[in-house]
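Engineer: Quick one, fold the following:
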Amino acid sequence: MNSNCLLPDASTSTSQNVDTRGPKVYPIDQDVPKIQFFQTPKPVVRPTLPDQICPNSEISKFHKPSLPVIKKQLEQLRNKLSEIPNVEWRRHIDHLITLTLQQQSDIDLLRSCSMGYEQWASGQLKKFGSLLCEHANLSFQKKKLEEHEKLVVKEKNVIESKVDILEKERKRLESELKDLRPFKEKYKDSLKEMERLKSSIETFKKTAKLNEEKLSKTNELTKNQSLIEAERNNLKKQLEELQNKENGKIKELEEKYSLAQKRIKVLLTEFKCEDEKKDSSDESALKQKISELEEKLAKEKKLRTMEVKTNSSSENNDPHDGLSRTMKRELSLRDAEINRLKVECAEKAEEIIEAKSQIDEAKHSKMELREKLRRKKEEAQTARNELKVEQEKRESLEQRLNDMEEKLKLKSKSMREDQVGLLIMFHFISWR
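Structural biologist: Reported below is the predicted structural model:
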């Protein structure tokens, strides 16, 4: 039988020509493919209607089965009429089948009509299958939507209950907010106080840094205090040594000055005694010489008077020339001695003046050293006073720093407690 025939002959049908229409049966060993829903159906080609089929077409060339086979196929076709969704087509085909069975005529036309209707029915079945798939998909989606609607309704009920609870909570929180307004104002005041305390803490930190710098300076001064004391002791020792040296020099100069004064006095006394002795000895010698000279003059006068004539040359000579020469010589010697003594006195006076100047210089240096010593003592005293003042300042600063640290600790504790309380209240309010 030809493969294009939709109603094959039962006698000629073999295992190779199996009717694949209807549901497919799978063996146990073979995996059944899963039905995929929500698939778009394939396009169905609309079959040609029976009235459009020409009776002299190629369908008449098909193999004409026997009459019982045709009757059997017609019965099968009648049994399959229930699958045709269109009522008019079903009635029309049923009427044709009855006419064919009663009159047994126009089998070719019926056959062609049955083939056309079979093709049309297969297309309609495919459409119906696709519609069934769509219906199944829609029913599945409908079930899901119903379940989702149920869940939405449940969630809506839960949300409504939560909304009621939240409304009650909101009313309660509004009542609490009215009570918490003063706390909010206190919180704002505490924030302002915190800002003020932060600024004060910054100022305290700056002052603390300055105090630390001052403390470091005072510590450096205290470290240098030992060096200053050592230098002061060295200066004291040097001053004492200088004083001892100056005192020794002053004593030596004073001794030299006293010795010089004593020597000057001795020299003056000696000079006076010598002058007196010389004056007295000179006067006696002059008197003796004068007397001797007078005697000589008298003798010479006598001799001259006796020898006037013989010694004319001696008459012309002055008898006082020898005496005057000797006296001049003696006076010149005396003047020379006096000049020598004057020079020695001038030298002694210069030595005395130099000694006095040295003594004055020693006194002046002693006064300068005493002034330096006094200044050093004053500087040491001022340094001691400054160190005492710095120590007092450092102690006061340390005390102030300790007080400030205690105050800051207390303020930080109170601020932390206030912040914790305010944060708890703020989180509680925001949570509500």
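Engineer: and the next element down the chain from the helix or strand of the chain with the lowest mean pLDDT?
Structural biologist: The weakest-scoring helix or strand in the chain, judged by mean pLDDT, DSSP states H and E, is helix 312-316 (a mean of 44). Of the helices and strands lying after helix 312-316 in sequence (DSSP states H and E), the nearest is helix 321-431.
Engineer: Could you name the helices and strands sitting against that following helix?
Structural biologist: Here helix 321-431 touches helix 107-306, going by 3 or more C-beta pairs under 8 Å, 6 or more residues apart in numbering; DSSP states H and E. From N, CA and C alone the C-beta is placed, and that goes for glycine too.
Engineer: Give me the mean pLDDT for the helix it packs on.
Structural biologist: Helix 107-306 comes out with an average pLDDT of 73.
Engineer: same check, this time on stretch 344-361
Structural biologist: Here the average pLDDT along stretch 344-361 is 78.
Engineer: buried stuff in that stretch?
Structural biologist: Residues of stretch 344-361 classed as buried by neighbour count (16 or more other C-beta atoms under 10 Å): K348, A355, I359.
Engineer: Which of these lies at the shortest distance from K144?
Structural biologist: For the buried residues of stretch 344-361, the closest approach to K144 (C-beta to C-beta) belongs to I359, at 134.2 Å.
Engineer: Tell me how far that closest one lies from V158.
Structural biologist: Distance check for I359 against V158: by C-beta to C-beta, to the nearest Å, it reads 123 Å.
Engineer: just K188 next, same as before
Structural biologist: The gap separating K188 from V158 is 39 Å, by C-beta to C-beta.
Engineer: Over to E202?
Structural biologist: On the measure of C-beta to C-beta, E202 and V158 end up 54 Å apart.
Engineer: Could you do E241 as well?
Structural biologist: Distance of E241 to V158, given as C-beta to C-beta: 107 Å.
Engineer: One more: D360?
Structural biologist: Distance of D360 to V158, given as C-beta to C-beta: 121 Å.
Engineer: same deal with K393?
Structural biologist: Distance from K393 to V158, by C-beta to C-beta: 74 Å.
Engineer: what about L397, how many neighbours?
Structural biologist: Using other C-beta atoms under 10 Å, L397 has 19 other residues around it.
Engineer: what about it, distance to K184?
Structural biologist: 42 Å.
Engineer: related to what we said a few turns ago, and which of the buried residues of stretch 344-361 is nearest to E169?
Structural biologist: Using C-beta to C-beta, I359 comes nearest to E169 of the buried residues of stretch 344-361, at 111.8 Å.
Engineer: hang on, the earlier thing: show me which of K393 and V158 is the more surrounded one.
Structural biologist: Legend: neighbour count by other C-beta under 10 Å for K393 and V158, higher for K393 (14 against 10).
Engineer: what's near enough to touch that one?
Structural biologist: K393 makes contacts with K214, T218, as judged by C-beta atoms under 8 Å, 6 or more residues apart in numbering.
Engineer: Check the gap between it and E386 for me.
Structural biologist: K393 is 10 Å from E386, where distance means C-beta to C-beta.
Engineer: now S414
Structural biologist: Going from S414 to E386 by C-beta to C-beta gives 41 Å.
Engineer: For N211, grab the count of nearby residues.
Structural biologist: 19.
Engineer: swap that for R91, please
Structural biologist: For R91, the tally of surrounding residues (other C-beta under 10 Å) stands at 12.
Engineer: for the record, mean pLDDT for the helix or strand hosting it?
Structural biologist: In the assignment (DSSP H and E), R91 maps to helix 87-103. Here helix 87-103 scores 67 as its mean pLDDT.
Engineer: Kindly report the same for stretch 393-403.
Structural biologist: 75.
Engineer: Same question for stretch 365-378.
Structural biologist: Rounded mean pLDDT across stretch 365-378 is 78.
Engineer: K237 versus N244, what's the distance?
Structural biologist: Taking C-beta to C-beta, one finds N244 at 10 Å from K237.
Engineer: Apologies, that question was intended for L180.
Structural biologist: Distance, L180 to K237, using C-beta to C-beta: 80 Å.
Engineer: okay, the two: which has more neighbours?
Structural biologist: Under the criterion of other C-beta under 10 Å, the comparison of L180 against K237 puts L180 first, with 16 against 10.
Engineer: Now do that one against R172, distance only.
Structural biologist: The value you get for L180 to R172, if C-beta to C-beta is used, is 12 Å.
Engineer: And Q399, how close does it get to E405?
Structural biologist: Taking C-beta to C-beta, one finds Q399 at 11 Å from E405.
Engineer: oh sorry, the question was meant for A230
Structural biologist: 36 Å.
Engineer: any idea which of the buried residues of stretch 344-361 is the one closest to I93?
Structural biologist: Nearest to I93 among the buried residues of stretch 344-361, counting by C-beta to C-beta, is I359 at 171.2 Å.
Engineer: What degree of burial does K388 show, as a neighbour count?
Structural biologist: 10.
Engineer: Also the one 3 residues further on?
Structural biologist: For Q391, the count of nearby residues is 14 (other C-beta under 10 Å).
Engineer: quick one: it and L215 touch, right?
Structural biologist: No: assessed by C-beta atoms under 8 Å, Q391 is found out of contact with L215, at 11.2 Å.
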